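> below: sequence and its predicted model.
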Amino acid sequence: MTESESDGDSDGEELPEPVSNNQTHELCKKLSEASQVQTSGSDYLAQELTNVARTVVEEAEEKRLDRDDARLEEEHIKEAFEDLLKPYALIDDVLTIMGEYEYELKKEATRTGALEFETDDE
Amino acid sequence: MNRLFFFRSSEGYDHDDRLDRLSIGDFRNTENDPVKNLIEEPTGVNAQDLTKSPVALQNTLRNKLGFTDYRRFVTDLFEYCGQKGDTFNLQLYFASDLDRSTLIENLDEHLRDEDPEDLLSDPVRSSLYDCEDRGGNIIDLRFAIAYDQYSDYSTVRDEELGEELVEDADEASVEVRVYINEGMIAISNSEMDKEEKLRIRQLIERWSGGTINSKVNLLENELLALQNALDGRNNGIDYGDFREDNIQRAKYRGQREFALSQSRVIEPARQDGRIVKLHFYHEYHNNGAKRDVLVRFHRDGHLTTANSKPTEPDFIDKIVEELVKIRKYEEYWGTLNDAIDDYIDDLMRERIHKGKNNYRTRKHKAMNSNIQEFISVEYQDVEEQVFVAVVFNIITDLIQAQVSGRLDSKTASESPEKQAEFKELLDSHAEYNLDQPNYEFDIVWGHLHDLLTSGDYNSPVSLIEAAKTQYEI
């Protein structure tokens, strides 16, 4: 029931396009040192950013419905983003843990004199 | 039994008080002179009697010695090895501008020379029945207060041990110790009605011309610094103020000789919350003997040894002395967590994946590694965060004071542990919190390293004092 309703919404109305081609073009020019930026490239970026935004809002809407909230809250959007980036969170977790292990292991290896390591991490 | 603490020395001990402060071991130990004499002299008591059960032993002594000699023996034994003093249950308050002579004048005027029993129905302002000038800095007061002034006196229980703290209906006095120079007030019987405590504070304010802060809110690192100063062996931590607000309180209790903070069970609470209460054993020395006293200290200034071993008031004096010293350096107890929280949102705003918890973990580990590497003091695991806080706040000082000059002592070439993480922490702190984006990491590190490795610090306070002297900060 809910699904068919929301399908109907997106079919029937044109979605707004929150990311403008001009703005992505300006951004590319600001961040890149190249003298020229291909317009089709910055257009593509705008399109994909819009896709990301739509995906996030759809995720967030599911969270809102799950919790019976009347308003779409900042929390819903934040959590939707976090879900989208979950694989990176996992990488971050593992790197943090492994970094600690690496430090401890190097320390132990150097202490015993069995192995030689540069302990400075820079 | 009247609950006494500051006035015990003037009241003395009665027979039951003495028995309370002796253990069965004291009676059985033939190396205790009074016991030795008892066996050697023709009293009829023999070594065999000493092995009897506690009740049977007391009966035998009473029968063989007779009433008077039995009591005299208990008195002698108590003087010889009894644990002098009392357990306490106090509320501390910070005060300022207390004037000694004004207070003494007012006390003279308000002191009632009547039996305290007759003052019970009087308001607290006219129920002062005892005061002692302990010389110079300390003045003790005693008010008569009817026990119905205690809120729910019969239901106040020590939640941890399940025993009643207020056990007697005839408990009818409240004791107050005023520390003039330190600016501190200790009020006994912390279960007393709030209104009544307020009236006592107002009374002392009026009589001394000073001000007493109604709220005590000790920082978690101040609690830990106090534990450190008293060489307390931690065996209990309560956490509160969690980032996640669905949980209010988490309490952990350890085995007596186990470093609680080494348990992985408490790690999540440590990362997400704040310490609000500590339990620790302090080795209290008295009368040539020592005993382990369990101290429970809450951040609201509530301090108790209820159900543990007795101490004399010199223990509170010591706590007050240390606490005042700790308070003096309030700005050094702010936690690393709080400093990171101050900038983490700004720092993460432009990052797609925030990973705030991992960030905090990495920065904490970097600080911890440097503390472990460069501070040679003995401390308990749970106290590491105090050293982290103190060192981090000294770093703040060094950055703000814009210390300059490379130190060329040979050790200054030693790099910090986890340099990349450590430098990133200082960079962000300097940029976002201190508005000093152009500070020089190498120079700050050189000075910090020199400070950490050049002194022999036995406490967080001594480290702060060394930094302040060296850098006039």
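Here it is on my side, so go on. Numbering: from 1, shown residues only, chains lettered A, B, ... in the order given.
> which residues does the spatially most central residue of chain A contact?
With the centre of chain A defined as its mean C-alpha position, the nearest residue by CA atoms, centre = their mean is A:Leu85, 4.9 Å away. A:Leu85 sits next to B:352-353 when contact means CB atoms under 8 Å, 6 or more residues apart in numbering or on different chains. Using the backbone N, CA and C atoms, a C-beta is placed for each residue, glycine as well.
> do you know how far it is from B:Arg21?
The gap separating A:Leu85 from B:Arg21 is 64 Å, by CB to CB, to the nearest Å.
> B:Gly405 now?
60 Å.
> now B:Lys328
Distance, B:Lys328 to B:Arg21, by CB to CB: 36 Å.
> tell me which of B:Gly405 and B:Arg21 has more neighbours.
Counted by other CB atoms under 10 Å in any protein chain shown, B:Gly405 and B:Arg21 do not tie: B:Arg21 has more neighbours, with 18 against 8.
> touching, that one and B:Arg8? I think so.
No - between B:Arg21 and B:Arg8 there is no contact under CB atoms under 8 Å: 10.9 Å.
> and the closest residue to A:Leu84 other than its chain neighbours, what element?
Distances taken as CB to CB, 6 or more residues apart in numbering or on different chains place A:Val56 nearest to A:Leu84, at 6.3 Å, with adjacent residues excluded. Under the criterion of DSSP states H and E, A:Val56 resides in helix A:39-66.
> which strands and helices sit next to that helix?
When contacts are defined as 3 or more CB pairs under 8 Å, 6 or more residues apart in numbering or on different chains; DSSP states H and E, helix A:39-66 packs onto helix A:21-31, helix A:74-84.
> contacts for the last one, please.
With contact meaning CB under 8 Å, 6+ apart, helix A:74-84 is reached by A:52, A:55-57, A:59-61, A:63-64, A:69, A:89, B:354.
> check stretch B:276-289 too.
With CB under 8 Å, 6+ apart as the test, stretch B:276-289 has contacts from B:81, B:83-85, B:220, B:223-224, B:227, B:230-241, B:249, B:251, B:253, B:256, B:290-299, B:309, B:311-312, B:315.
> now, which of these lie within helices?
Among those, DSSP state H puts B:81, B:220, B:223-224, B:227, B:315 in helices.
> which of these tops the neighbour count?
Counting by other CB under 10 Å, top hit in these: B:Leu224 with 29 neighbours.
> output the lowest mean pLDDT helix or strand found in chain A.
In chain A, no helix or strand scores lower on mean pLDDT, DSSP states H and E than helix A:2-12, which sits at a mean of 49.
> and B:Asn358, what's its pLDDT?
pLDDT recorded at B:Asn358 is 93.
> repeat for B:Asp130
88.
> returning to what we had before: ok, the residue nearest to A:Leu84 - how many residues close by?
18.
> identify the residues contacting it.
Neighbouring residues of A:Val56 by CB under 8 Å, 6+ apart: A:77, A:80-81, A:84.
> any of the residues you listed buried? List them.
A:77, A:80-81 (16 or more other CB atoms under 10 Å in any protein chain shown).
> and the residues you listed as CSV, adding distance to B:His279?
Shown next, in CSV, are those (distance: CB to CB, whole Å):
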residue, distance to B:His279
A:Ile77, 43
A:Ala80, 43
A:Phe81, 42
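> out of those, the closest to chain B would be?
Proximity of the buried ones among the contacts of A:Val56 to chain B (CB to the nearest CB) peaks at A:Phe81, which lies at 8.2 Å.
> okay, and B:Gln436 sits in which element?
For B:Gln436, there is no host helix or strand (DSSP H and E).
> that one against B:Ala401, yeah?
No - look at B:Gln436 against B:Ala401 with CB under 8 Å: they stay out of range, at 10.3 Å.
> how about low-confidence regions in chain B?
For chain B, residues meeting the criterion pLDDT under 70 lie at B:1-2, B:147-171, B:190-191, B:406-413.
> can you pull the residues of it lying near chain A?
Within chain B, the positions near chain A by CB under 8 Å from any CB of the partner chain are B:352-355, B:358, B:361-362, B:365, B:369, B:415, B:417-421, B:423.
> redo that, cut-off 6 Å
Neighbours of chain A within chain B, by CB under 6 Å from any CB of the partner chain: B:353, B:355, B:358, B:361-362, B:415, B:419-420.
> so which of those wins on neighbours?
Neighbour tally across the residues of chain B next to chain A (other CB under 10 Å): the maximum, 22 neighbours, falls on B:Arg362.
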